[in-house]
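Trainee: just need the structure, nothing else, for what follows:
(chains A and B)
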Amino acid sequence: MNLAGFAQSGPSTPSDSLKPKMLESVLIQSFKIDNDRFQNFYRTSKSATTEDILCHMEGVYLIRRGAYGQEPLIRGLSGGQLSLTIDGMKMFGACTDKMDPITIYIEPQNLDNISITPSSSGSAFGSTVGGSVNMKLAEADFSKPLSAKAGATYYSASNGFTTFAVVNKRLSKSAFRLSSVYRDNQNYSAGGGDIVENSQYRKLNLALSAKWSFKKADTLRADVLTDYGWKIGFPALTMDVGVARTYMASVTFNRYRPEKFLPILILKGYANSIYHEMDDTHRPDVAMHMDMPGRSFTTGFFAEGNLRKMDKHNIKFRADGYLNSALAEMTMYPENEEPMYMETWPASSRLVTGLYGNDVVQLSPETQFSASARVDWAVTQLKEGIGLDQLRIFYPSVPEFQPQMASTFTAAFSQYFLSDFQLSIQSGYGQRLPTLSEYAGFYLFNRMDGYDYLGNPELKTEKSWNENVSINYLSKRFELQVTAYAQQFKDYIFSKTDEALIPMTPGATGVRVYENIDGATYRGVDTKFVFFLSRTFQLIDQVKYVRATTSQNEPLPLIPPLTHLLSVKYQVRNFNVQFDLEQAAEQNQINAAYGEDATPGYAIANMRLGWQIVKQPLTYVLQTGIENMFDKNYWAHLDWGNIPRPGRNIYVTLEIKF
Amino acid sequence: MSYFNHLINHETMKRSKFHIPLFLTIAALPFSCAENEPQADPTIGLVKITEGYALGAGAKVELWAKEALFTGYNQLFVALKDSVNNNLIVEADVNFHPLMTMMGGMQHGCPEEDPQHDAVNKLFPGAMVFIMPTSDMGTWELAIDVVNEQNGKSGVAEFEIIVTDPPSPMLKSFLTPEEDKYFMSYLFPESPKVGVNDFTVVANEMASMMDFPGVEDLTIVLTPEMPSMGHGSPNNVNPVHEEAGHYNGKVNFTMTGDWRLNLEVWKGEVLLKELYFDVTIE
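Mentor: All right, here's what the predicted structure looks like:
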């Protein structure tokens, strides 16, 4: 029983826009199926990465700094504006250059589904302006006494391969699931055949999930996961990653008492730790060698549950807390001189506790109203030591402890009319805390604009009003959804050049300090058209567009252009063939002061084939395909440094399972 | 219980030692001299340079410093101990008389800052700016004369001392357009570290062979930088004259490593000299 409905706080995502005429329990179940079906469609190959799935989701884009570790955006918002969680657990990267968004630590083989909830509706896991991305982990399966699968994929563009294996074993009252994924990619070649140097990576992921069931359907789960990446190249940056390693552990207790006031109660305790180390020893022209290790440790707890349905109200709540400690250091080794040490993130801790409540009121079978509220209380500590002393050069009175509060409110209304149409309106207000880089970063070099960035402990929380209107048309065969949204910001966290400061990084143009500005606005439209003709023919067509400007109507940096994704899949018996078209318009809404240049539009096509052969007790799945069939040399606007994406890539996957 | 020992020693001659009522003993505690209380050793962390007796003043003179004597501004601490009972004397007039005898026979002194009348934390803090190291060219002697307030007697302790050049110069000198010789040295009141640091530049002029008064009318501009990186640090405070040739300011180090403190020395509208001191921050 998967209670995946928790991630939503309003009818604002397509996948839960089911006809309310269905039974409530089926509603929850069907939401999961639809979400999975959509995502399973985009698990283009058995060896797709989590990012491959994300970039096909509505409103989602990716910033790419290398072949590995792409950072997700929702509707143009990213970083600290989003709430990224794994099974509801908070996790924070350990790299000052954002080379390790936490999505890199999860492989689709240990992923159950990804829930994206944009803007203020996404405050279930933390106060936010941009929404939430929650990656739900796969759990041990009780359905069969023993099942397993294993496979391997070869990619021609990077002369690389991925191998994976998953084993699931059920005993009388418990089940265990073990998964492993190993990826090994060399430098890839772009369209036209040029090799992109420093784009290799290697990664090993191991995850163990154990589940015990008790009477009354209560369950206890224990999960451990480790992900180890090494020699990871970042062609758009001046250095690579030597090691990116994480350990995660959690214990979850699910209590299920349908007859009680609190039918569903989930308690979870967790901890995760990341070690990240940059590496410039493989780059030819390094002016001065630097060691740059970073550490991030998070531990937390939450209690969430559903109250019994009362007079049309469905109330969910969550009480949570976490403590994140981080430190990033830099030691530079000049010739014939003493090494120079500084902390690019001062040793710090942030403790956040929060409360969340959500009520979905089914006023009638066609009409639904929902509201949610979250309040977070945070205390950020800059620990005594070199990091705090460094910051006091710029901010003499920065206190060791700084409290802040952030809250988010949303109200949404959804109405079915003309039997097949659904209109949803959602409006809300959100706040988010500054990230450690924005708050206390010390001379963080930004390769995109060539400036050293300095944190600002006086930053206020970023605040945003958002509105969302969505019209869905649902019929047996197809679904069309058009969503228009707008977000206005107060105290948007941006940066300004401080002419009086001299940069530290050799070659940097100057120093920019984070500050709050007013008047940033984001507006956009996402459309999705889905056509499922049973299993034979499936078509998904998406268009995404977002435009973001400052109060002076200047474009904000790192905003993607109009994007169109079309996938068509034809399945007959054990064979399927799929064609993808991926297009982006040119982006000339750019902010040159922040190092952007215009990006030409592009269109690429993929073809994928799959066979499934059952020879009891085994099932064989063979997939092959050609990505970027016409070997186009292209890059997307959000790809740093205009590093081209892979050219023609032929892949072959074989999976065996039972 | 050194307090009792003290009483016993004094009373031995009077043969009534053990009969002092206890309450008087306790009552006398607040009025007893500080030297009878157990106390933290004020010389912790300091280096003893030399010691000797100021004959005639009834005092033993110990010269302590933060490190061995070097060319530059040396923070010094004099401990005066009563030569009979070894207690620390906390009120005295202490004067330094440094003297270098050059190879050819010529003699000169150096800038000196004599301690105040009252001890600070049981020691007499003062300073000397040694303008040359001990070498074949010349050697240093130091006379410390003491007027012991406790007995009104005075005497002089004489020492030979050795001054060496530090790894990185902490003293620089130059001639002004009027042919005055100026000596610039510096000190950090606390060990320098990453972050904001109090910083003092000391300027002395050679008025005569034995007289080196502080220069009080300079304007100093401080620009720290890391020579290998070519960058400096922000929010430094130019040293400003407080007294006796001491110019107090603040210098900020954004990271550990080798730093260069660039100083511009101005008198009115005239730039007298640009010089620098190299410091390694750990």
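Trainee: alpha carbons only for contacts and neighbour counts from here, please
Mentor: Fine.
Trainee: mind checking which helix or strand the residue in the stretch 501-650 of chain A that chain B sits nearest to is in?
Mentor: The nearest approach of the stretch 501-650 of chain A to chain B comes at residue A:504, 5.8 Å away (Cα to the nearest Cα). Assessed by DSSP states H and E, residue A:504 sits outside every helix and strand.
Trainee: ok, it - contacts?
Mentor: Taking Cα atoms under 8 Å, 6 or more residues apart in numbering or on different chains as the criterion, residue A:504 is in contact with A:443, A:452, B:229, B:231, B:232.
Trainee: between those residues, identify the one with the most neighbours.
Mentor: Counting neighbours by other Cα atoms under 10 Å in any protein chain shown, residue A:452 leads the contacts of residue A:504 with 26 neighbours.
Trainee: which residue, other than its chain neighbours, is closest to it?
Mentor: Nearest residue to residue A:452, sequence neighbours excluded (Cα to Cα, 6 or more residues apart in numbering or on different chains): residue A:445, at 4.3 Å.
Trainee: that neighbour: what's it in contact with?
Mentor: A:97, A:451, A:452, A:453, A:505, A:508.
Trainee: again with residue A:326
Mentor: Residue A:326 makes contact with A:94, A:294, A:295, A:296, A:297, A:345, A:346, A:347, A:348, A:349, according to Cα under 8 Å, 6+ apart.
Trainee: and the spatially closest residue to residue A:442 that is not a sequence neighbour, how many neighbours?
Mentor: Spatial nearest neighbour of residue A:442, excluding adjacent residues (Cα to Cα, 6+ apart): residue A:344 at 4.6 Å. Residues lying near residue A:344 (other Cα under 10 Å) number 27.
Trainee: distance of residue A:344 from residue B:76?
Mentor: 38 Å (Cα to Cα, to the nearest Å).
Trainee: cool, residue A:499 as well?
Mentor: 43 Å.
Trainee: more neighbours: which of those two?
Mentor: With neighbours defined as other Cα under 10 Å, residue A:499 and residue B:76 compare such that residue B:76 has more, 25 against 9.
Trainee: quick check: closest non-adjacent residue to the more buried one.
Mentor: If you skip the residues right next to it in sequence, residue B:76 has residue B:65 as its closest partner in space, 4.5 Å away by Cα to Cα, 6+ apart.
Trainee: then residue A:330?
Mentor: Nearest non-adjacent residue to residue A:330, counting by Cα to Cα, 6+ apart: residue A:292, 4.6 Å away.
Trainee: quick check: phi and psi at the one you found.
Mentor: phi -140, psi 80 (degrees, to the nearest 10).
Trainee: check residue A:387 too.
Mentor: Residue A:387 adopts backbone torsions of phi -60, psi -50, taken as degrees, to the nearest 10.
Trainee: what does the stretch 551-658 of chain A put close to chain B?
Mentor: Residues of the stretch 551-658 of chain A found near chain B (Cα under 8 Å from any Cα of the partner chain): none.
Trainee: against residue A:469, how distant is residue A:482?
Mentor: 8 Å.
Trainee: please disregard the earlier target; I meant residue A:221.
Mentor: Distance from residue A:221 to residue A:469, by Cα to Cα: 39 Å.
Trainee: same question, residue B:45
Mentor: Distance, residue B:45 to residue A:469, by Cα to Cα: 72 Å.
Trainee: more crowded one of the two?
Mentor: residue A:469 (19 against 11).
Trainee: next SSE downstream of the one helix or strand that one maps to?
Mentor: In this assignment (DSSP H and E), residue A:469 forms part of strand A:462-474. Moving toward the C-terminus from strand A:462-474, the next helix or strand (DSSP H and E) is strand A:478-490.
Trainee: who touches stretch A:77-93?
Mentor: Residues contacting stretch A:77-93 (Cα under 8 Å, 6+ apart): A:71-74, A:100-102, A:122-123, A:125-137, A:270, A:272, A:274, A:296-298, A:300, A:322, A:324, A:432-435.
Trainee: alpha carbons of it, as PDB, please.
Mentor: The C-alpha coordinates for stretch A:77-93 follow below in PDB (Å, rounded to 0.1, in the frame of the first residue of the first chain):
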ATOM      1  CA  LEU A  77      13.300  28.500 -10.300                       C
ATOM      2  CA  SER A  78      16.200  26.500  -8.800                       C
ATOM      3  CA  GLY A  79      18.600  26.000  -6.000                       C
ATOM      4  CA  GLY A  80      17.400  27.300  -2.600                       C
ATOM      5  CA  GLN A  81      14.100  28.300  -4.200                       C
ATOM      6  CA  LEU A  82      13.100  24.700  -4.400                       C
ATOM      7  CA  SER A  83      12.600  22.100  -1.800                       C
ATOM      8  CA  LEU A  84      14.400  18.900  -2.800                       C
ATOM      9  CA  THR A  85      13.800  15.800  -0.800                       C
ATOM     10  CA  ILE A  86      14.300  12.000  -0.900                       C
ATOM     11  CA  ASP A  87      11.400  10.200   0.700                       C
ATOM     12  CA  GLY A  88      10.600  13.400   2.500                       C
ATOM     13  CA  MET A  89      14.100  13.600   3.900                       C
ATOM     14  CA  LYS A  90      16.100  16.800   3.500                       C
ATOM     15  CA  MET A  91      19.600  16.600   2.000                       C
ATOM     16  CA  PHE A  92      22.000  19.400   1.000                       C
ATOM     17  CA  GLY A  93      24.900  19.200  -1.400                       C
END
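Trainee: and that stretch, which residues are buried?
Mentor: Judged by neighbour count using 16 or more other Cα atoms under 10 Å in any protein chain shown, the buried positions of stretch A:77-93 are A:77-93.
Trainee: for residue A:464, give me its contacts.
Mentor: A:129, A:429, A:430, A:431, A:487, A:488, A:489, A:490.
Trainee: name the helix or strand for the nearest residue to the third one once chain neighbours are set aside, please.
Mentor: Leaving out its chain neighbours, the residue that sits closest to residue A:430 by Cα to Cα, 6+ apart is residue A:408, at 4.1 Å. Secondary structure assignment for residue A:408, by DSSP H and E: strand A:401-417.
Trainee: list the helices and strands the following helix or strand past that strand packs on?
Mentor: Where DSSP H and E defines the elements, the next helix or strand beyond strand A:401-417 is strand A:421-432. Packing partners of strand A:421-432 (3 or more Cα pairs under 8 Å, 6 or more residues apart in numbering or on different chains; DSSP states H and E): strand A:401-417, strand A:462-474.
Trainee: in its sheet, what does the shortest one sit against?
Mentor: Read that as strand A:462-474. Under the criterion DSSP bridges, strand A:462-474 sits next to strand A:421-432 (antiparallel), strand A:478-490 (antiparallel) in its sheet.
Trainee: so the residue nearest to residue A:330 is in contact with residue A:277, correct?
Mentor: Yes - here residue A:292 reaches residue A:277: they are 5.7 Å apart, a contact under Cα atoms under 8 Å.
Trainee: more neighbours, these two?
Mentor: Each of residue A:292 and residue A:277 has its neighbours counted (other Cα under 10 Å); residue A:292 has more, 23 against 20.
Trainee: show me what contacts the more buried one?
Mentor: A:277, A:278, A:279, A:328, A:329, A:330, A:331.
Trainee: again with residue A:170
Mentor: Counted by Cα under 8 Å, 6+ apart, residue A:170 has contacts A:141, A:142, A:143, A:144, A:145, A:146, A:176.
Trainee: identify the bridge partners of it.
Mentor: Taking DSSP bridges as the rule, residue A:170 bridges to residue A:175.
Trainee: assess the claim that residue A:318 and residue A:303 are in contact.
Mentor: Yes - counting by Cα under 8 Å, residue A:318 touches residue A:303, with 5.6 Å between them.
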